[in-house]
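Student: Show me the folded form of this:
(2 chains)
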Amino acid sequence: MNEEDQEERTRMMERVALAAQLLLLKRHRNPGVREWELKRVLGEDYRAVLAALSEKLSDLGLEVKEVDDGGTPRFLVTIRGRPPKGIEPALAGYRVDAVAALATAVAFVAAHGGKSPQQKIEEVLASKLSRTRARMLLQRFIDDGYLKAGPSGSLELGWRTAAEIDLKELSSRLISLSSERTSGPDSSSQPP
Amino acid sequence: MESVKRIVDAWHKVQSGEVDPFSVDVPEMLINLDRLLPDRKTLSELVPDAQAINAVSGIVGEQGRQVDFLASSAALTPYVVEKAIENASPDGLAHALWDSVSPCAELPQLTTEALLYSFATWKPPSKRKRWRARESKVETTSITTTQDFTTEVNSLVSELRARGVVDYSSFIKEGDPIRRAYALSFAITYGLVDVKVDPITRAISIAASSRKLKTSTSLVIPLEEYEVE
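Tutor: Next comes the predicted model:
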């Protein structure tokens, strides 16, 4: 490797380190960095830097993801695969009941083709929580990017749902949840 | 005119998610519009027609979006979701989501600059100068590990245990008052130190406690009394 290549490599590694700091250090309320910020700091070929960073992060079980946030790309680092087993669910600092409410809201919107009136979701959540808490949690999910307000009072799935939640996996988990109770106790109590 | 209004209403309902775009009969709408269009001549008649065409194209667009969404994501139906919500406990639902996520990785950061800025913002404007004067001291503060800090708290408690009842003010002045007061506040919260305030003289006395019950005591400490090194 000649001196020029060595220099180029060092420069690239510096940019990869800079990209890691940008993406990993929490600087705003929500995780991730927008495209314009990456372009400004890393230059026009920021995608090449992110690809190199993603490769390095894969050794640590992390990956760089790109999601659509209101028509512009947002880049963030997520865990590669699933979180470790045996850890209590505490997504984005939510309590268990809030995580359950998020599962319900996301699944409800997904089941209705990715869009549903806010009032309907509120009603579904209010069947498990108080109306005030349901409203408060929905607002929090919107603020945190899991849901987004669509036209005419509807709610859609947000950029963070696209980044973090595997809807196919969630649907299979919910299908097994819905069938467990309906087939489980009844079938076991039936005579052979 | 009525059918045009119905088409626009249907579009609004689809847009808000109240109605499934596939439940709307688009071909029939187009046939109706096709039948009505030749009779329309004036601008006031043609504008609602254009709105209706826009509504129909919006509904078709929404159908396309839904097909894309369903093809790329979930096989969930409203019935399955309703059943799951009805049957599962909050814990079960939370675990279902937890098993389907790849959470974002983030590192919270707190810099000396941010701390100083917070100090300056927290204090009333008249006292901000004092904090600014202390900036150089704070800047040199290094990070203390939990283990080191626990040792520091325990040594304060042992010191108090050996001395019995001591005046708070004189106790913390024996060294860096801010540091000793800070460590002492943890000992008080952990229930390792008892605090008594004389209701007449307002003198604060402290003594080692053996109860080890967590307490929530608040003390007003006039910082002006203590000389910061």
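
Student: from here on, contacts and neighbour counts on C-alpha atoms
Tutor: Will do.

Student: B:Ala183 against B:Asn154, yeah?
Tutor: No. Applying Cα atoms under 8 Å as the test, B:Ala183 and B:Asn154 come out as separate, 9.1 Å apart.

Student: and these two? which has more neighbours close in?
Tutor: Between B:Ala183 and B:Asn154, counting by other Cα atoms under 10 Å in any protein chain shown, B:Ala183 is the more crowded of the two (21 against 16).

Student: Settle this for me: A:Thr161 is touching A:Lys148, isn't it.
Tutor: No. Assessed by Cα under 8 Å, A:Thr161 is found out of contact with A:Lys148, at 10.0 Å.

Student: Kindly check the end-to-end length of stretch A:49-66 for me.
Tutor: For stretch A:49-66, the first-to-last residue distance is 14 Å (Cα to Cα, to the nearest Å).

Student: Tell me the buried residues in it?
Tutor: A:49-50, A:52-54, A:57, A:62-66 (16 or more other Cα atoms under 10 Å in any protein chain shown).

Student: So which of these sit within strands?
Tutor: With DSSP state E as the criterion, strands contain A:62-66 from among the buried residues of stretch A:49-66.

Student: B:Leu36 in helix, strand or coil?
Tutor: helix (DSSP: H, G, I helix; E, B strand; the rest coil).

Student: tally of neighbours for it?
Tutor: Number of residues near B:Leu36 (other Cα under 10 Å) recorded here: 14.

Student: Model confidence for it, exactly?
Tutor: Listed pLDDT for B:Leu36 reads 78.

Student: How about B:Pro78?
Tutor: For B:Pro78, pLDDT reads 79.

Student: right, and it touches A:Phe108 too?
Tutor: Yes. Under the criterion of Cα under 8 Å, B:Pro78 makes contact with A:Phe108 at 6.7 Å.

Student: Who has more neighbours out of those two?
Tutor: The residue with more neighbours, out of B:Pro78 and A:Phe108, is A:Phe108; 26 against 15, by other Cα under 10 Å.

Student: sorry, back to before: take the ones in strands among the buried residues of stretch A:49-66 and lay them out in a markdown table including pLDDT.
Tutor: A markdown table is the format used below for those (pLDDT from 0 to 100):
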| residue | pLDDT |
| --- | --- |
| A:Leu62 | 91 |
| A:Glu63 | 92 |
| A:Val64 | 93 |
| A:Lys65 | 93 |
| A:Glu66 | 93 |
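
Student: Closest one to B:Leu30 out of these, please.
Tutor: A:Glu66 (39.3 Å; Cα to Cα).

Student: Buried residues of the top helix by length along chain B, list them for me.
Tutor: Scanning chain B for the longest helix, with DSSP state H as the assignment, gives helix B:43-72. Applying a neighbour-count criterion of 16+ other Cα under 10 Å, one finds B:49, B:52-53, B:55-56, B:58-60, B:62-63, B:66, B:70 buried in helix B:43-72.

Student: Give me the helices and strands touching it, please.
Tutor: helix B:2-15, helix B:26-36 (3 or more Cα pairs under 8 Å, 6 or more residues apart in numbering or on different chains; DSSP states H and E).

Student: quick one, which of those helices is nearest to chain A?
Tutor: helix B:2-15 (6.5 Å; Cα to the nearest Cα).

Student: now that closest one against helix B:43-72, angle please.
Tutor: Using axes from the mean of the first three to the mean of the last three Cα atoms, to 10 degrees, the inter-axis angle of helix B:2-15 relative to helix B:43-72 is 30 degrees.

Student: Just the pLDDT at residue 48, thanks.
Tutor: In the absence of a named chain, this looks at chain A. 92.

Student: think we crossed wires, I meant chain B
Tutor: 79.

Student: likewise A:Ser183?
Tutor: For A:Ser183, the predicted pLDDT is 48.

Student: Equivalent analysis for the one 4 residues further on, please.
Tutor: The predicted structure scores A:Ser187 at 39 on the pLDDT scale.

Student: What are the boundaries of the strands in chain A?
Tutor: Under DSSP E, chain A gives strands at A:33-34, A:62-69, A:72-79, A:115-117, A:147-149, A:154-157.

Student: If we only consider the buried residues of helix B:43-72, which is nearest to chain A?
Tutor: B:Gln66 (5.3 Å).

Student: which stretches of the chain have low pLDDT?
Tutor: Defaulting to chain A. Chain A contains residues with pLDDT under 70 at A:1, A:86-90, A:179-192.

Student: Wait, chain B was what I had in mind.
Tutor: B:71-75, B:111-114, B:117, B:119-146, B:211-229.
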